[in-house]
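In: need the 3D shape of this:
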Amino acid sequence: MRQRRSPENPAGVPRARSGLVGRRWERTGTEPVRARGALTLRLVLSAIGALAFLFGTVVFAVWASRSTPVTNPSAMELGVLAAICAFFAVLGLVDLVVVVRRRARERGGWPPEEDEPL
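Out: Numbers count the residues shown, from 1 in each chain. From the prediction side, this is the model:
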């Protein structure tokens with residue numbers, strides 16, 4: 001569902017829906033009409049988090065590969081920590097993709113026009 005662009009809505013983004021499913025709560029009239037989330041802050045925090053967890057994944061994986069059967073923590077424990085860090089790194093990267101696409105959509109760059117190639 002695409003909206004036409006107007007001076008009030010230059011990107012043509014439907015503001016009646018906040019996500020794929022729609023609004024969770026109906027508008028009461030007291031909230032700002034043009035309120036937006038802090039996408040820049042979310043972008044920065046996602047990037048920092050993804051990098052930190054990628055670093056943690058590498059550190060724990062290398063540490064696990066160099067540990068011996070008698071070391072404490074064991075290779076299994078370090079491998080679990082590396083897997084947890086990898087999971088959170090993937091979540092951070094997915095969030096980065098979502099934020100970048102949402103910012104592009106609000107600025108009128110996504111989805112491309114029908115006559116423009118992807």
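In: so who does the closest residue to residue 74 other than its chain neighbours touch?
Out: Nearest non-adjacent residue to residue 74, counting by Cβ to Cβ, 6 or more residues apart in numbering: residue 67, 6.8 Å away. Any C-beta I mention is one placed from the backbone N, CA and C, and that applies to glycine too. By Cβ atoms under 8 Å, 6 or more residues apart in numbering, the residues touching residue 67 are 73-75, 78.
In: if I look at residue 64, how far off is residue 83?
Out: 10 Å (Cβ to Cβ, to the nearest Å).
In: between those two, who's got more neighbours?
Out: Legend: neighbour count by other Cβ atoms under 10 Å for residue 64 and residue 83, higher for residue 64 (19 against 13).
In: what's the helix or strand for that one?
Out: Secondary-structure assignment from DSSP states H and E places residue 64 in helix 39-66.
In: which elements pack onto that helix?
Out: Packing partners of helix 39-66 (3 or more Cβ pairs under 8 Å, 6 or more residues apart in numbering; DSSP states H and E): helix 75-106.
In: the helix it packs on to helix 39-66, inter-axis angle?
Out: 160 degrees (axes from the mean of the first three to the mean of the last three Cα atoms, to 10 degrees).
In: now residue 66: how far from residue 80?
Out: Distance, residue 66 to residue 80, by Cβ to Cβ: 16 Å.
In: which of those two has more residues huddled nearby?
Out: Neighbour count, other Cβ under 10 Å: between residue 66 and residue 80, residue 80 has more, with 14 against 10.
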